[in-house]
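Trainee: 3D model of this:
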Amino acid sequence: MTESDNRHEVSVVTDGREIESYKQEIARLKQLVVQLSEIVLRNVIKQRQSRKSEHP
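Mentor: Modelled structure (predicted):
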């Protein structure tokens, strides 16, 4: 195996780790989007209920 082959192998392993890291980060960001959406939805519902009680 040549030095170039070794570098390529290390690069592939590193790329695989980076891809896995990116996948985990994407999953974390998706969960944050879900959580933020839930918060926004709750606030919208509260505001509508508040307006209804002010103007029956």
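Trainee: what's the neighbour count on K30?
Mentor: Under the neighbour criterion other CB atoms under 10 Å, K30 is assigned a count of 10. C-beta: built from backbone N, CA, C; applies to glycine.
Trainee: Could you say which helix or strand holds the spatially most central residue of the chain?
Mentor: In the chain, the C-alpha nearest the mean C-alpha coordinate belongs to L29, at 1.3 Å (CA atoms, centre = their mean). Secondary-structure assignment from DSSP states H and E places L29 in helix 3-54.
Trainee: what packs against that helix?
Mentor: In terms of contacts (3 or more CB pairs under 8 Å, 6 or more residues apart in numbering; DSSP states H and E), helix 3-54 is packed against no helix or strand at all.
Trainee: From E25, how far off is V12?
Mentor: Summarising the geometry, the distance separating V12 from E25, computed by CB to CB, to the nearest Å, is 20 Å.
Trainee: Quick one, grab the pLDDT at the residue nearest to the centre of the chain.
Mentor: At L29, the predicted lDDT confidence score is 98.
Trainee: show me the contacts for it.
Mentor: Residues in contact with L29, defined by CB atoms under 8 Å, 6 or more residues apart in numbering, are absent; none qualify.
Trainee: mind checking how far it is from R48?
Mentor: For L29, the distance to R48 - CB to CB - is 29 Å.
Trainee: swap in L41?
Mentor: When distances are taken as CB to CB, L41 and R48 turn out to be 11 Å apart.
Trainee: repeat for K23
Mentor: Computed as CB to CB, the K23 to R48 distance reads 38 Å.
Trainee: and what of S11?
Mentor: 54 Å.
Trainee: before we move on, what about G16?
Mentor: For G16, the distance to R48 equals 48 Å [CB to CB].
Trainee: which stretches of this structure aren't confidently modelled?
Mentor: Applying pLDDT under 70 to the chain picks out residues 1-10, 56.
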